[in-house]
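> What follows is a predicted structure for the sequence shown.
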Amino acid sequence: MVETDIKITAADLYDYMLMHTYNSSSGIVGSTVGALLIVAAFLTQKWMLILAGAVILLYLPVTLYTKSKLQWNANTAFQKPLHYVLDDDGVTVSQGDVKESQSWDNMVKAVSTTRSIILYTSGRNASIFPKEQLGDQRAALIEIISTHMPPQRVKIRS
């Protein structure tokens, strides 16, 4: 069993949004188009293509940064720590009097970034575990996730 309190920051939310977006088809297509426009600018010497490519490449990170700040400020749940309990039955998260549980069978996938371990509870929703807040519990968290989820759904790098 792993029990921890996590306080999500706007930076944690931004990290999640970046990972989620750039691993989706729209993020991959956008990055590819932006890079191809810049390459095309050098090949054809049509320098306006550099501007178009740069705008496309910078659009997502800038808008995601703004969106993460706005979402963090608007959502009062992010202002207080979330209490997580991960055990053999699943994941329980609570804050004040509100408590929600989800079984391991319902978990979609688990991934990591350089900043966080992210446990997807649906295609778009996830529990974010910032590595710096986990401290010495990081290995135990990875172990319990890896033990209870199929290996093909766990993409965590330590």
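Great, that's in hand.

> can you give me the strands in this structure?
Ranges of strands in the chain, per DSSP state E, are 2-6, 82-87, 90-95, 98-103, 109-112, 116-120, 126-130, 154-155.

> Would you mark the buried spots in the second one?
With burial defined by 16 or more other C-beta atoms under 10 Å, the residues of strand 82-87 counted as buried are Leu82, Tyr84, Val85, Leu86. Quick note: C-beta positions are derived from backbone N, CA and C, even for glycine.

> Quick check: the last one touching Ile6?
I take that to be Leu86. No - assessed by C-beta atoms under 8 Å, Leu86 is found out of contact with Ile6, at 11.5 Å.

> buried residues in stretch 117-131?
By 16+ other C-beta under 10 Å, the buried positions in stretch 117-131 come out as Ile117, Ile118, Leu119, Tyr120, Thr121, Ala126, Ser127, Ile128, Phe129, Pro130, Lys131.

> ok, the residue lying closest to the third one once chain neighbours are set aside - contacts?
If you skip the residues right next to it in sequence, Leu119 has Ser127 as its closest partner in space, 4.5 Å away by C-beta to C-beta, 6 or more residues apart in numbering. If a contact means C-beta atoms under 8 Å, 6 or more residues apart in numbering, then Ser127 has Leu82, Tyr84, Val91, Val93, Ile118, Leu119, Thr121 as its contacts.

> what about the second one, distance to Ala40?
So that's Tyr84. Distance from Tyr84 to Ala40, counting by C-beta to C-beta, to the nearest Å: 47 Å.

> repeat for the third one
With distances defined as C-beta to C-beta, the gap from Val91 to Ala40 amounts to 46 Å.

> ok, and the closest non-adjacent residue to Thr121?
That would be Gln102: by C-beta to C-beta, 6+ apart, it lies 5.6 Å from Thr121.

> That neighbour reaches Leu119, doesn't it?
No - the criterion here is C-beta under 8 Å, and Gln102 misses it with Leu119 at 9.5 Å.

> list residues touching both of those two?
Counting by C-beta under 8 Å, 6+ apart, the residues touching both Gln102 and Leu119 are Val91.
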